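Engineer: From the sequence below, what's the structure:
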Amino acid sequence: MIFLRLLGVGAAYGVGFMLIKSLFPTPIALLILQGGQSSEGNLTTLALVYMGVGLLAGLIAAPLFGGILLLRRGTEGGYTPPSGSRLTLSLALALLMGLISGLLTLLAYATGILPPGGVLDPLRLIRSSNFPTGTPLLVAWTLARDLLPAGLTGLFLSPLSGATLQRLYAAGRPPEQKQYDWEED
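Structural biologist: Predicted structure coming up:
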């Protein structure tokens, strides 16, 4: 039951990420303005792959994040009250989703799903780096360029789906008992 709930949250975050990522200059703006073939290859394929990567990243990140929350909850010694706010949990899930999206985008270019050599191809920049410190920084940038739309997704979906993440984080814990100090005179 938890897994299905997490897949639903992942699908919601993936669709939100897909829509927010499409507002950025690529790939939807290219598809709308040019259509057909370009230096990036078939723009329809490009748009579908970028949007599919966003949805797939959400479907992968949510169960992974839920597993991390469940493992973290199981390893705590004793009882601690739930401290995960909706916004914190939502942003953490969204940033994990952005990282997975960056890895999937790299994988799409490395396997040839998307044609190499275009402006959007991160591997072209990485391969053409001349400085030893340039390559690690370019790889980090490639992974981080999906973090902004992912962070916005987490921010916007926090009021809607953050409660589900908060309930998952607090599930299985005894309710917090209020303690009162009574002074006896």
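Engineer: Count residues in the vicinity of residue 111, would you?
Structural biologist: For residue 111, the number of neighbouring residues by other Cβ atoms under 10 Å comes to 8. Every residue, glycine included, has its C-beta placed from N, CA and C.
Engineer: Would you check how far apart it and residue 157 are?
Structural biologist: Between residue 111 and residue 157 the computed distance is 30 Å (Cβ to Cβ, to the nearest Å).
Engineer: Also residue 134?
Structural biologist: For residue 134, the distance to residue 157 (Cβ to Cβ) stands at 35 Å.
Engineer: mind checking the longest helix of the chain?
Structural biologist: Longest helix in the chain, counting residues (DSSP state H): helix 43-75.
Engineer: if we can go back for a sec, neighbour count: residue 134 and residue 157, which is higher?
Structural biologist: A count of neighbours by other Cβ under 10 Å puts residue 157 above the other of residue 134 and residue 157, at 23 against 13.
Engineer: quick one: the helices in the chain?
Structural biologist: 2-23, 28-33, 43-75, 86-110, 122-127, 134-144, 147-170.
Engineer: can you redo these as JSON lines with mean pLDDT and distance to residue 116?
Structural biologist: Shown next, in JSON lines, are the helices of the chain (pLDDT from 0 to 100; distance: least, Cβ to Cβ, whole Å):
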{"stretch": "helix 2-23", "mean pLDDT": "84", "distance to residue 116": "21"}
{"stretch": "helix 28-33", "mean pLDDT": "62", "distance to residue 116": "17"}
{"stretch": "helix 43-75", "mean pLDDT": "82", "distance to residue 116": "12"}
{"stretch": "helix 86-110", "mean pLDDT": "89", "distance to residue 116": "6"}
{"stretch": "helix 122-127", "mean pLDDT": "77", "distance to residue 116": "6"}
{"stretch": "helix 134-144", "mean pLDDT": "78", "distance to residue 116": "14"}
{"stretch": "helix 147-170", "mean pLDDT": "82", "distance to residue 116": "23"}
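Engineer: thought residue 103 was touching residue 142?
Structural biologist: No: applying Cβ atoms under 8 Å as the test, residue 103 and residue 142 come out as separate, 9.2 Å apart.
Engineer: Closest to the centroid, which residue in the protein?
Structural biologist: By Cα atoms, centre = their mean, the chain has its centre lying nearest to residue 97, at 1.6 Å.
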